[in-house]
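Q: any chance you could fold what I've pasted below:
(2 chains)
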Amino acid sequence: MSDPTNAAAPETAAPDMAGLTKRQLKRMKRFDNPWNNPKLIWGITLLMGIIALGIFGRIFWDTDLVFTGAVLPSQAPVGFENLRGQVGLASSPLGTDVAGKDLLALLIVGAPNSLYVGVLASLIGMSLGIFLGFTAGYTGGRVDDVIRVGSDVMITIPPLLILVVVQASFGDITLTMMSLLIAAFVWQSPTRLIRAQVLSMRESGYVQMARLSGASDRHIMFREMLPNLVPYLFGSFIANVTTSIVTAVGLEVLGLGPQRVPTLGRVIYDAIDSAALTRDMWWWWGFPTILLMVMFIGLLLINLGLDEVSNPRLRRL
Amino acid sequence: MSVLDIKNIHIDFPTSKGVVHAVTDVTLSVEKGRRIGFIGESGSGKTTTALAAMRMLANPGFVASGEVHLNSLEGDTNVLHLDEEGMRRVRLRKISYIPQGAMNSLNPVMRVEAQIWDAVVAHEGAVEDLQARSDTALEGVGLDPKVVGRLYPHELSGGMKQRVCIAIGTCLTPDLIIADEPTSALDVITQRHVMQTLREMQAKIGAGLILIGHDMGLMAQSVDDIAVLKKGVLVEFGPVRQIIENPEHPYTKELISSVPLVGGESFLHAQAAPPKGEKLDVPLLELDGVSKVYGSVTALHPMSFALDGEEPKIISIVGQSGSGKSTMGSLMLGFNDPTAGAVRFKGDDINRMTAGERLEFRKQVQAVFQDPYACFNPFYRVNHALKFPFENFGMQGDVEVEMHKACEAVGLDPSLVLGRYPHQLSGGQRQRLIVARALMLSPKLLIADEPVSMVDASLRATILANIHDLKDKHGISIIYITHDLATAYHVSDYVMVLYHGHVVEAGPPKEVIGDPQHAYTRLLIDSIPWPDLDRDWGDAGDARAALDVLAEIGGTPETVYRGDIPGFTLGQG
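A: Purely as a prediction, here's the structure:
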């Protein structure tokens, strides 16, 4: 739409700011800066909360309490009673598990670990996707056929099935190793997305203009096309983080994945394994589940916010 | 008796920057059987006003105040008071709408006749003689119901689809037909046929017609009254003859004078001897038996010509969509490889160049494309498009200074356009920036592919003058690709008329366009709607006869040579 200060584009009648309520004006301001989006801000705040838990927890809490027998076993959170009628102590504010591990310490170490697996897997997957998508879309021909068929085939393979087999045969693995394995299953959709975008952008006026300006292929790909893909890449990245965390937690809850490093999924696995549900130890599985929910809601909000940033039509007054 | 009365209507669009008053205080009546043209540039509110009568405003627009009376309604005639169901009954039955892009308006998975039945059933319930209804409707627009009725939309040509839309729009004999630029996607020959059909049908059912458009010529040939809108305000309204011959508002005058006429006054200022280009032993650009085949379609039959760069010239390539003219453009830019033959620039085959030679070729051959909206990367400020090639080609001089100079040369205020994002500029400004870009690079050859077809009418003459200046003041040879014969007549030194990839007529514009000899060229010129009331467009019969002539010309027409100009040779035979 036209801009009142812009004498250069007088094609439509100039907008009128009179007769608007303060609330409307405030909402309009949000349009000027699309990044000033409430969903995006809330989402980022939630995720920062998880990261802050990891950082401040390490400063103010003793992470050695994650080891077996560090504290009294089977204690309820502060102010609650366990089945034996023992009232929880302030020394373990979120309670402890049957092996005498402190739950707060487990969460402080575990939650950032889960996030780390998701972000790393998604980063690797996205990098692969950007590389393959651009190669396929821009080169075309045989290369395109191979990449396209390859990613289509990979999409049809259920990742959990393969991962269960691979992890079971590996036994204990590190967090990074697990991220790499998950990354092998999250590059397909960014590849397809970027390929499609590149195909349509390749014929666009500004790419033709750049070719006319004697631009190299590299310039066209990275300076002309890539910046316009940023909103898609962000959105796709966040969606992939979600998928990766879900996959990682799924493996961990099955008892696979890293055996010695605390993760949220591992804590839930231990809780199920030790029949926490029947022993009424709700804090054991409850707190990690809440943290996972916060993580997913944060990621979802970021994704919705990014959608509105890149697609102004979704924004409402 | 008036069919529709619009009284003091105001339409607002709340946007991020405030409320845009798209239409301000428009009052208008449409009489029964009368045709009214809404003319104005993009964003002038012409479509918005008409759609308000159907209550089909695009979100988030709304009618802020005013009344719209549809006089055939019983009781309360104000359309704005109807409920959703009442409004549904009005649409198509009382007011029908013929959309701009007929290609996207028909359901691709339904046969044509079924789409007409849909319309009838929606308003009259289950009637028995559906087949008869659709047959009458299709016959009315000159389509054979036995054949066309059984077809799917993708099996029809653009003109036929638009006529099917007219058949749907008139099958319930509405009181008012709103036609929103119904022919803007069609070529002139088809345009004439579709407009004549629409007029015929409208006269037959005695409905009022609102024709929305931006082409003064088309208006002059098709309507009784003209309403001129500018920035949402009705600036002038009156009978077509009064508006065209005696316009009062300066904006109307501008609109009328912006339509170039063949043989009319030129919009260009004559220049003293243009600067000469460099003298070469080989032609600047040479096409040697170049042809292009896409699958089973031959876009361009073997063509040869040689353009000498010493004396800058403008060569026009004229033709309808699908004539192969844009294929020629991309072949000359080296974006496409020819199927046979070779394109040579200064003697070198442009498709067999090393990277270094190619950069030099790019520097010397530039282009202006059709769509000024797509030519700028939305991510960057517009400076990027001007700065990047300048630096990439390693040109001498200060970029900022050169950019300012180039902007001023094309009549733009650098402080207003530079440093802005593309979406902040109008189409005309962007296209002028592209011309400025070409000027900065001072190429030897410029290929202008429909440079003004997507720019508002009042700016076309200015932009063409800018392009013409490139030749006159800067000695750049230009290949001007267009479908518009009138502008080709004025700017060019030599014209080639293309039809199905063949040159059908070629020569100086005064000969080819001023006095056409080939049947196809004559047909093209006859089909142009002139903003001249005494130059009649003919009736529907003429338009049909024209299509027969076209069919007779067939796929392999003869070339008519109408004389040569020095420095340009078209390969004969």
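
Q: point out where the stretch 1-150 of chain A drops to low pLDDT.
A: Residues of the stretch 1-150 of chain A meeting the criterion pLDDT under 70: A:1-34.

Q: show me where it has strands.
A: When secondary structure is read from DSSP state E, counting those that start in this stretch, the stretch 1-150 of chain A shows strands at A:15-16.

Q: for A:Asp144, which non-adjacent residue is spatially closest?
A: Of all residues not flanking A:Asp144 in the chain, A:Ala136 sits nearest, at 4.4 Å (C-beta to C-beta, 6 or more residues apart in numbering or on different chains). For the C-beta atoms, the positions are set from N, CA and C on the backbone; glycine is no exception.

Q: next: B:Leu51.
A: Distance criterion C-beta to C-beta, 6+ apart; nearest residue to B:Leu51, sequence neighbours excluded, is B:Leu57 at 5.6 Å.

Q: ok, B:Leu82 next?
A: Closest residue to B:Leu82 apart from its sequence neighbours, by C-beta to C-beta, 6+ apart: B:Val90 at 6.6 Å.

Q: show me the residue sitting in the middle of chain A in space.
A: A:Val241 (3.0 Å; C-alpha atoms, centre = their mean).

Q: shouldn't that residue be within a strand?
A: No. Counting by DSSP: H, G, I helix; E, B strand; the rest coil, A:Val241 falls outside a strand, being helix.

Q: do you know how far it is from chain B?
A: Separation of A:Val241 from chain B (C-beta to the nearest C-beta, to the nearest Å): 25 Å.

Q: quick one: contacts for that residue?
A: If you count contacts by C-beta atoms under 8 Å, 6 or more residues apart in numbering or on different chains, A:Val241 has them with A:Gly118, A:Val119, A:Ala121, A:Ser122, A:Leu299.

Q: what pLDDT does the model give it?
A: Model confidence at A:Val241, expressed as pLDDT, equals 94.

Q: now for stretch B:500-513, what's the gap between its first and last residues?
A: Start-to-end span of stretch B:500-513 (C-alpha to C-alpha, to the nearest Å) is 19 Å.

Q: name the residues of it that are buried.
A: Neighbour counts over stretch B:500-513 (16 or more other C-beta atoms under 10 Å in any protein chain shown) mark B:500-509, B:511-513 as buried.

Q: do the same with stretch B:108-120
A: Neighbour count says stretch B:108-120 has B:Arg111, B:Val112, B:Glu113, B:Ala114, B:Gln115, B:Ile116, B:Trp117, B:Ala119, B:Val120 buried, by 16+ other C-beta under 10 Å.

Q: let's have these in TSV, adding secondary structure, pLDDT and distance to A:Val249.
A: Converted to TSV, those look like this (DSSP: H, G, I helix; E, B strand; the rest coil; pLDDT from 0 to 100; distance: C-beta to C-beta, whole Å):
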residue	secondary structure	pLDDT	distance to A:Val249
B:Arg111	coil	92	53
B:Val112	helix	92	55
B:Glu113	helix	91	57
B:Ala114	helix	92	52
B:Gln115	helix	92	52
B:Ile116	helix	92	57
B:Trp117	helix	93	55
B:Ala119	helix	90	55
B:Val120	helix	91	58
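
Q: so which of the contacts of A:Val241 sit within helices?
A: Judged by DSSP state H, the subset of the contacts of A:Val241 located in helices is A:Gly118, A:Val119, A:Ala121, A:Ser122, A:Leu299.

Q: for the helix or strand that contains B:Asn8, C-alpha coordinates in CSV please.
A: Secondary structure assignment for B:Asn8, by DSSP states H and E: strand B:2-15. C-alpha atoms of strand B:2-15 as CSV (Å, rounded to 0.1, in the frame of the first residue of the first chain):
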residue,chain,number,x,y,z
SER,B,2,-32.0,3.6,-14.2
VAL,B,3,-30.9,0.1,-13.2
LEU,B,4,-28.4,0.9,-10.6
ASP,B,5,-27.9,4.1,-8.6
ILE,B,6,-24.7,4.6,-6.7
LYS,B,7,-25.1,7.5,-4.3
ASN,B,8,-22.2,9.3,-2.5
ILE,B,9,-20.4,6.0,-1.9
HIS,B,10,-17.2,6.0,0.1
ILE,B,11,-15.0,2.9,0.3
ASP,B,12,-12.2,2.5,2.8
PHE,B,13,-9.4,0.0,3.2
PRO,B,14,-7.8,-0.1,6.6
THR,B,15,-4.1,-0.9,6.1
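
Q: is chain A contacted by the helix or strand following it?
A: As assigned by DSSP H and E, the chain's next helix or strand after strand B:2-15 is strand B:18-31. Yes. Counting by C-beta under 8 Å from any C-beta of the partner chain, chain A is contacted by strand B:18-31 at B:Gly18, B:Val19, B:Val20, B:His21, B:Ala22, B:Thr24.

Q: for those residues, which one is nearest chain A?
A: Set against chain A, the nearest of the residues of strand B:18-31 next to chain A by C-beta to the nearest C-beta is B:Gly18 (3.4 Å).

Q: so B:Ile9 touches B:Ala52, yeah?
A: Yes. Assessed by C-beta atoms under 8 Å, B:Ile9 is found in contact with B:Ala52 at 6.1 Å.

Q: what's the overlap in contacts for these two?
A: Contact criterion C-beta under 8 Å, 6+ apart; residues shared by B:Ile9 and B:Ala52: B:Val23, B:Val63, B:Val68.

Q: can you list the residues of the stretch 51-200 of chain B near chain A?
A: Neighbours of chain A within the stretch 51-200 of chain B, by C-beta under 8 Å from any C-beta: B:Pro60.

Q: in three-state terms, label the residue in the stretch 51-200 of chain B that chain A sits nearest to for me.
A: Closest to chain A within the stretch 51-200 of chain B is B:Pro60: 7.2 Å, counting by C-beta to the nearest C-beta. Under three-state DSSP, B:Pro60 falls in the coil class.

Q: roughly how far does it sit from B:Ala22?
A: To B:Ala22, B:Pro60 is 11 Å away according to C-beta to C-beta, to the nearest Å.

Q: what sits against A:Arg192?
A: Taking C-beta under 8 Å, 6+ apart, we find A:Arg192 in contact with A:Gly133, A:Arg148, A:Ser151, A:Asp152, A:Ile155.

Q: related to what we said a few turns ago, so which of the ones in helices among the contacts of A:Val241 would you say is closest to A:Val246?
A: Nearest to A:Val246, judged by C-beta to C-beta, of the ones in helices among the contacts of A:Val241 is A:Gly118 at 8.5 Å.

Q: with adjacent residues omitted, what lies nearest to the closest one?
A: Per C-beta to C-beta, 6+ apart, closest to A:Gly118 is A:Ile245, 3.8 Å.

Q: surely A:Val143 meets A:Gly133?
A: No. In this structure A:Val143 lies outside contact range of A:Gly133 using C-beta under 8 Å: 11.8 Å.

Q: what's near enough to touch B:His301?
A: Contact partners of B:His301, counting by C-beta under 8 Å, 6+ apart, are B:Ser291, B:Gly324, B:Gly501, B:His502.
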